[in-house]
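>>> Please work out how this folds:
(2 chains)
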Amino acid sequence: MNSHAPCIVQSGFINNIGAFFNDELLLKNDSNDFETFASTLYKQLDVKYPKFYKMDNLCKLGFLVSEIALKNLDLHQKYTADKIGIHIINTNSSIDTDIKYQKLIDQGTASPAIFVYTLPNIVIGEISIKNNFKGENLLMVSENYDIELQYNYINSLFKSNCIDVCICGFVDYTETTYKAFLFIVEKNNLDSFLSYTPTHITHLIKEKKSWN
Amino acid sequence: MELEELKQKLKQQIVTQLKLNEVKPEEIGDDEQLFGKGLGLDSIDALELVVLLEEEYGLKINHSEDGPKIFYSVSTIANFILENKKA
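The predicted structure is shown next:
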């Protein structure tokens, strides 16, 4: 329907209820803690990436939702690595790891492996390294998921020919709550029926249970 | 601590400290290369091993250029610990 206009191809979603590919439930969350759920999901997705276990929770969440959003999709078949971008918004930055690291400092110890995760944009690095994506990327921290801001930013990247496809959305983790929604937007797509507009993203989010 | 006992302890500590969840300690060869090939450890892992040596064995690496030799394998780490503990 929408030719030569940015379109949403597919999406991944994770929250305390479960993990979803588009609207399909991949794994119901029966765990009380995120780490158990994340480990189960990692095994179910059959991802072979041992560095997963070294990641902090924000990165695990972003990594897993990106694996779902990219399911059965080989972007390298259509795009060069430098044309594949990532744009993520988050509200609590890397607070979960920041608190853990501060506790270590208070105890007089250090951990380089934890320290490296005291920057939220590392989640983009983990996704990029795993998938060999080398295009423009940015993580924005804002009070709410600003769909309009993200839409405008990604469209400006498309219009300036910086990128041709983008993995974008929202990934947020705190000790008490977590939520991740990533979707794939292609600059020119002849097959997708869903054009990339703030209205459509808002609609997709409202469909997700327990988004708020 | 004897060399063999130390190597087994080091393998367990490496797996735990570096969160190598898909590796069993007994699968790590004594002389297996830890970085690059072999276990494929990276620069952050190297820093974690430096911290491990300091906190668990009270040893510091005074010359950073010695790092690659010391951390080449479990055997080289164990030898470094035994030699410097004696000193």
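>>> How about the one residue in chain B that gets nearest to chain A: what's its closest non-neighbour residue?
When distances are taken as C-beta to the nearest C-beta, chain B reaches nearest to chain A at B:L47, 3.6 Å away. Every residue, glycine included, has its C-beta placed from N, CA and C. Among residues not flanking B:L47 along the chain, A:P112 sits closest, at 3.6 Å (C-beta to C-beta, 6 or more residues apart in numbering or on different chains).
>>> Count the residues that sit near the one you found.
15 (other C-beta atoms under 10 Å in any protein chain shown).
>>> Likewise for the one 3 residues further on?
Taking other C-beta under 10 Å as the neighbour definition, A:F115 ends up with a count of 15.
>>> quick one: it and A:Y101 touch, right?
Yes: counting by C-beta atoms under 8 Å, A:F115 touches A:Y101, with 6.1 Å between them.
>>> pLDDT score assigned to A:M1?
Per-residue confidence (pLDDT) for A:M1: 45.
>>> How about the one 3 residues further on?
In the predicted model, A:H4 carries a pLDDT score of 67.
>>> tally of neighbours for A:I89?
22.
>>> ok, residues contacting the helix or strand where the residue of chain B closest to chain A lies?
Per DSSP states H and E, B:L47 falls inside helix B:43-57. Counting by C-beta atoms under 8 Å, 6 or more residues apart in numbering or on different chains, helix B:43-57 makes contact with A:109-113, A:116, B:13-14, B:17-18, B:34-35, B:41, B:59-61, B:67, B:71, B:77, B:81, B:85, all of which sit outside it.
>>> mind listing which of those residues are in strands?
Assignment to strands by DSSP state E places none of those there.
>>> Give me the buried subset of the residues you listed.
A:110-111, A:113, A:116, B:13-14, B:17-18, B:34-35, B:41, B:59, B:61, B:71, B:77, B:81 (16 or more other C-beta atoms under 10 Å in any protein chain shown).
>>> Next step: those restricted to helices.
A:113, B:13-14, B:17, B:77, B:81 (DSSP state H).
>>> now, which of those sits nearest A:F193?
Nearest to A:F193 among those, counting by C-beta to C-beta, is A:A113 at 43.9 Å.
>>> Next up, the contacts around that closest one.
With C-beta under 8 Å, 6+ apart, A:A113 has these contacts: A:54, B:18-19, B:44-45, B:47-48.
>>> farthest-separated two in the residues you listed?
B:K19 and B:L47 (13.8 Å).
>>> Could you identify the most distant pair in the buried ones among the contacts of helix B:43-57?
Of all pairs in the buried ones among the contacts of helix B:43-57, the most separated under C-beta to C-beta is A:V116 and B:I81 at 26.0 Å.
>>> do you know how far the residue in chain A positioned nearest to chain B is from B:P25?
Chain A approaches chain B most closely through A:P112 (3.6 Å), counting by C-beta to the nearest C-beta. Going from A:P112 to B:P25 by C-beta to C-beta, to the nearest Å gives 22 Å.
>>> for A:F181, same thing?
Taking C-beta to C-beta, one finds A:F181 at 39 Å from B:P25.
>>> Those two - which one has more neighbours?
The neighbour comparison of A:F181 against B:P25 (other C-beta under 10 Å) goes to A:F181, with 25 against 17.
>>> What helix or strand is the more buried one located in?
strand A:178-186.
>>> what is the orientation angle of the next helix or strand after that strand with strand A:178-186?
Next helix or strand after strand A:178-186 toward the C-terminus (DSSP H and E): helix A:198-207. Using axes from the mean of the first three to the mean of the last three C-alpha atoms, to 10 degrees, the inter-axis angle of helix A:198-207 relative to strand A:178-186 is 140 degrees.
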